[in-house]
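[1] model this:
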Amino acid sequence: MPGAINIPVDQVRSRVPELMLNKDIEVIVYCAGPACHASRQAADELTAMGYSNVRHYVGGKEDWTQAGLPVVRNEKPRAAA
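    Numbering: from 1, shown residues only. Okay, here's the model as predicted:
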C-alpha cells in the first residue's frame, strides 16, 4: 500500500522507535487478509509502547486490492513523519 512500512510483528519493539519518533502519528496496521492476526498483535504492541493513534485495518491487503486501490512495489524504505 502506498506509504506503508513493512515491519514484522516480532520486530515492532526494536524497529518502530527509530522509524516513528512521534507517538501521536496515525498508524494503520494490516495483514495480508482478515485470517491473519499479526496486525492485531502489532496494534496491541504499539499501543503498549505509547502510540496513541493506532488503527487496525481488518480487511488488510486482500480487501485493499479487491477494492482496486493502488499498490506500490519496490518503494524505497523510509522513516515515518
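
[2] give me the number of residues near the closest residue to residue 72 other than its chain neighbours?
    Once flanking residues are discounted, residue 72 sits nearest to residue 2: 4.9 Å by Cβ to Cβ, 6 or more residues apart in numbering. The C-beta positions use only the backbone N, C-alpha and C, and glycine is treated the same way. By the measure other Cβ atoms under 10 Å, the count of residues near residue 2 is 8.

[3] Three-state assignment for residue 2, please.
    With DSSP: H, G, I helix; E, B strand; the rest coil as the basis, residue 2 sits in coil.

[4] pLDDT averaged over stretch 35-48 - what is it?
    Throughout stretch 35-48, pLDDT has a mean value of 96.

[5] what's it in contact with?
    The contact list for stretch 35-48, computed with Cβ atoms under 8 Å, 6 or more residues apart in numbering, reads 7-9, 12-13, 16, 27, 29-31, 54-57, 60.

[6] now swap in stretch 14-33 and tell me
    So stretch 14-33 is contacted by 1, 5, 7, 37-40, 42-43, 46, 49-57, 59-64, 79-81 (Cβ under 8 Å, 6+ apart).

[7] can you do 7 Å?
    5, 7, 38-39, 42-43, 46, 49-57, 60-62, 79-81 (Cβ atoms under 7 Å, 6 or more residues apart in numbering).

[8] quick one on the thing from earlier: state the phi and psi torsions of the residue nearest to residue 72.
    Backbone torsions for residue 2, taken as degrees, to the nearest 10, come to phi -60, psi 130.

[9] What of residue 57?
    phi -90, psi 100.

[10] Do you know the pLDDT at the closest residue to it other than its chain neighbours?
    Nearest residue to residue 57, sequence neighbours excluded (Cβ to Cβ, 6+ apart): residue 30, at 4.0 Å. Predicted confidence (pLDDT) for residue 30: 96.

[11] on that earlier part again, now, of the contacts of stretch 14-33, which are buried?
    Buried residues within the contacts of stretch 14-33, counting neighbours by 16 or more other Cβ atoms under 10 Å: 7, 38, 39, 42, 43, 46, 51, 54, 56, 57, 60, 61.
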